[in-house]
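**Student:** Return a 3D structure for these sequence lines:
(one chain, ligands or ions: 1)
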Amino acid sequence: MPAPKTLAELEQDVRRDLALTAHPSAPWLVPKTSGGKPVLDCLVIGAGQCGLAVAHALQRDRVDNLLVVDRAPYGKEGPWVTYARMRTLRSWKTQIGPDLKLPSLCYQAWHEAQFGADHFDRMTWIPKELWQDYLLWFRRITGVKVRNGVAAGAITPSRTDDGLPCLRVETSDGPMLARKVVLATGQEGVGFWWMPEFVAALPRHLRAHAAEEIDFAALRGKRVAVLGAGASAFDNAAMALEAGAADVQLFCRRAEPMVIQPYRWLTFAGFLKHMHQMPDAWRWRFMAKVLGLREGFPQDTYSRVTRFPNFLMRIGQPWTAARAEGAEAVVTTPKGEHRADFLICGTGVRMDPSAVPELAACAGNIAQWHDRYTPPAAEADERLGCFPYLAADSSFEEKRPGETPWIRDIHLFGIGTSMSFGPAGSSINALSIAAPRVAAGVTRGLFEADLPRLWDSLLAYDVKQVELDPARLAAE
Ligand SMILES: Cc1cc2nc3c(=O)[nH]c(=O)nc-3n(C[C@H](O)[C@H](O)[C@H](O)COP(=O)(O)OP(=O)(O)OC[C@H]3O[C@@H](n4cnc5c(N)ncnc54)[C@H](O)[C@@H]3O)c2cc1C
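**Tutor:** Next up, the predicted model:
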């Protein structure tokens, strides 16, 4: 079937498709106030792919009183044009994402409308900048309301003027009120970018995390040591090499580097749709295996570093200590010491609600996996036990019921959902399945809280669809 020839044609298709599939389109929510101030039905924090996808799903369910905020300036949301240092996405180009399975909204449709179907066929991987452009187009064409440059802070409980629970969110634009909050704040949404404490203790000019801004040009002629053997560690090693670093060595904890990508294995409907409905023991077992393997590096990423003779991968050599000596960093490994001018840690994130300003008022009462499930000794993993243990609607559960019941109105969408839901928000492959599920969690709560009002509405319902003929009515 021929693809639309221009973006303008595709945009017409999008509008038509959205209209054709708008059912049920009746508005059903009534705007609320709190202290006379307007209350949003939902505030989505984060305008990355997860925030946009869930906002779009909510809009489709007529949650119109909705706002998305992002602290990043327009066009700089998420990792794609900031700290993602690969050239292309690592996921297949045919994977769909925030489109919620609407063909005209898919990445491929957008790509073909601009560059042609042949171009899409010839392309192996999606350039990351194009993915970002696509997300911005998606946001415009779906009309998702986003306010950039607004940083959200602490969330606390409040009430609407008619007595319903709602949340108050401090933001750089002043306080905002919302009945529901979706936390779509990315990789560090329920934690922080982690590096070993002994590396973090070094002066900043000697070390960085792979997710930080790094002045690669300044690494020209320098010796760089990278910790970690996941895809991001390799991307950062490649950037250093391409910038002219004299020597780049990558330190891998494992004796055998991980060359498979578990996210490829789990990309099938059964897993993506139903893992979250399985008993804890199975959810733990599968996700502990997947997250234990980490994000594997693809062939292209590997080739990007191995074309440099001054690259070396050291296997079975975790860092056990580090110190600064003059202008150098010295790291200790089980095989001896290694000296470098700069260290980069590709060591991912750790879950820790207490590290997140938005959760300052409730962090201590957010249930985590270690509160709810004890795995068999062979499957134990302290790191994974810190993931939040989420309710079926993707909201936080309380560690001690009754202390902070309002956290049931904060729904999480991002990598922090991984132990509870599988890769719901941690990769593109699950977005089209996970976003409607999170949106349904939000609408369920809004609907439930509105039951008394809706009951009154039903009782008052008097829209006649037929005029009776009195001459044809007999009571006896
Ligand atoms: C380097 C890298 C490469 C990846 N490559 C792939 C890939 O190729 N394929 C794949 O499927 N997955 C990939 N992923 C995984 C995943 O798809 C991405 O992390 C993706 O960006 C997740 O989307 P998100 O919406 O959860 O978070 P993000 O895209 O990070 O968006 C979160 C947004 O929240 C905003 N924010 C955070 N805190 C606040 C606050 N307090 N107030 C206001 N705004 C806030 C941020 O500014 C950001 O824009 C990659 C991840 C990384 C880190």
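
**Student:** Can you point out the buried residues in the helix or strand of the chain with the lowest mean pLDDT?
**Tutor:** When the helices and strands of the chain are scored by mean pLDDT, DSSP states H and E, helix 262-265 comes last with a mean of 90. By neighbour count on 16 or more other CB atoms under 10 Å, the buried set for helix 262-265 is 262-263. (C-beta placed from N, C-alpha, C; glycine too.)

**Student:** near the ligand at all, it?
**Tutor:** No - Helix 262-265 lies apart from the ligand when judged by CB under 6 Å from any ligand atom; the minimum separation is 7.3 Å.

**Student:** Just the CA atoms of that helix, as CSV, please.
**Tutor:** The C-alpha trace of helix 262-265 is given here as CSV (Å, rounded to 0.1, in the frame of the first residue of the first chain):
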residue,chain,number,x,y,z
PRO,A,262,17.5,-10.1,27.1
TYR,A,263,15.1,-7.4,26.0
ARG,A,264,15.1,-9.0,22.5
TRP,A,265,14.0,-12.3,24.1
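
**Student:** immediately after that helix, which helix or strand?
**Tutor:** Once helix 262-265 ends, the next helix or strand along the chain (criterion: DSSP states H and E) is helix 269-274.

**Student:** Report whether that following helix contacts the ligand.
**Tutor:** No - Helix 269-274 stays clear of the ligand (CB under 6 Å from any ligand atom), getting no nearer than 12.2 Å.

**Student:** Just the residues contacting that helix, thanks.
**Tutor:** For helix 269-274, contacts defined as CB atoms under 8 Å, 6 or more residues apart in numbering pick out 266, 286, 422-423, 429-430, 433-434.

**Student:** rewinding a little: from the chain's centre, how far out does the least confident helix or strand of the chain sit?
**Tutor:** Centroid separation for helix 262-265 versus its chain: 18 Å, with CA atoms, centre = their mean, to the nearest Å.

**Student:** quick one, longest helix in this structure?
**Tutor:** Once the chain is assigned using DSSP state H, the helix that runs over the most residues is helix 431-449.

**Student:** end-to-end on stretch 100-109?
**Tutor:** 14 Å (CA to CA, to the nearest Å).

**Student:** The residue of the stretch 201-350 of the chain found nearest the ligand in helix, strand or coil?
**Tutor:** Residue nearest to the ligand within the stretch 201-350 of the chain (CB to the nearest ligand atom): residue 232, separated by 4.9 Å. Recorded secondary structure, residue 232: helix (DSSP: H, G, I helix; E, B strand; the rest coil).

**Student:** Which residues are in contact with it?
**Tutor:** 85, 210-211, 295, 346, 348.

**Student:** Pull the most distant pair out of those residues.
**Tutor:** The most widely separated members of these are 85 and 348, with 14.5 Å between them, by CB to CB.

**Student:** How about the contacts made by the most centrally placed residue in the chain?
**Tutor:** For the chain, the residue lying nearest the average C-alpha position, counting by CA atoms, centre = their mean, turns out to be residue 414 (3.1 Å). By CB under 8 Å, 6+ apart, residue 414 lies in contact with 46, 50, 183-187, 189-190, 425-426.

**Student:** just residue 292 next, same as before
**Tutor:** 381, 384 are the contacts of residue 292 under CB under 8 Å, 6+ apart.

**Student:** roughly how far apart are the residue of the chain positioned farthest from its centre and the ligand?
**Tutor:** Residue farthest from the centre of the chain, counting by CA atoms, centre = their mean, is residue 476 at 66.5 Å. Taking CB to the nearest ligand atom, to the nearest Å as the measure, residue 476 falls 68 Å from the ligand.

**Student:** On the pLDDT front, check that residue for me.
**Tutor:** Predicted confidence (pLDDT) for residue 476: 87.

**Student:** Residue 16 too?
**Tutor:** 97.

**Student:** What of residue 120?
**Tutor:** At residue 120, pLDDT is 97.

**Student:** Now do the phi/psi pair for it.
**Tutor:** Main-chain torsions, residue 120, degrees, to the nearest 10: phi -60, psi -40.

**Student:** residues in the stretch 1-150 of the chain within reach of the ligand, list them.
**Tutor:** 45-51, 69-72, 77-79, 84, 89-91.

**Student:** if I've got this straight, residue 168 is in a strand?
**Tutor:** Yes - looking at residue 168 with three-state DSSP, it is inside a strand.

**Student:** thinking again about what came up before, neighbour-wise, which of the contacts of residue 414 leads?
**Tutor:** Greatest neighbour count in the contacts of residue 414, by other CB atoms under 10 Å, goes to residue 50: 33 neighbours.

**Student:** any residues touching the helix or strand hosting that residue, and which ones?
**Tutor:** Counting by DSSP H and E, the element that carries residue 50 is helix 49-60. For helix 49-60, contacts defined as CB under 8 Å, 6+ apart pick out 18, 22, 42, 44-45, 66, 68, 70, 78, 97-98, 100, 135, 138-139, 142-146, 182, 184, 186, 413-414, 425, 428, 431-432, 434-436, 438-439, 442-443.

**Student:** Next: stretch 29-42.
**Tutor:** Residues contacting stretch 29-42 (CB under 8 Å, 6+ apart): 55, 58, 62-67, 158-162, 164, 166, 168, 176-182, 442, 446, 450, 453.

**Student:** Next step: these restricted to helices.
**Tutor:** 55, 58, 442, 446, 453.

**Student:** Restricted to buried residues, select the residues you listed in PyMOL.
**Tutor:** Remark: buried members of the ones in helices among the contacts of stretch 29-42, expressed as a PyMOL selection using 16+ other CB under 10 Å:
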select buried, resi 55+58+442+446
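
**Student:** As CSV, the ones in helices among the contacts of stretch 29-42 with pLDDT would be great.
**Tutor:** Formatted as CSV, the ones in helices among the contacts of stretch 29-42 follow (pLDDT from 0 to 100):
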residue, pLDDT
55, 98
58, 98
442, 98
446, 98
453, 97
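
**Student:** just the ones in helices among the contacts of stretch 29-42 now: which is nearest residue 106?
**Tutor:** Among these, and counting by CB to CB, the member closest to residue 106 is residue 55, at 17.7 Å.

**Student:** Quick check: nearest residue in space to that closest one, chain neighbours excluded?
**Tutor:** Closest residue in space to residue 55, ignoring its immediate chain neighbours: residue 144 at 4.5 Å, by CB to CB, 6 or more residues apart in numbering.

**Student:** do the same with residue 354
**Tutor:** residue 363 (4.2 Å).

**Student:** Number of residues surrounding that neighbour?
**Tutor:** For residue 363, the neighbour count with other CB under 10 Å is 18.

**Student:** and what of the one 5 residues further on?
**Tutor:** Burial of residue 368 is recorded as 21 neighbouring residues (other CB under 10 Å).
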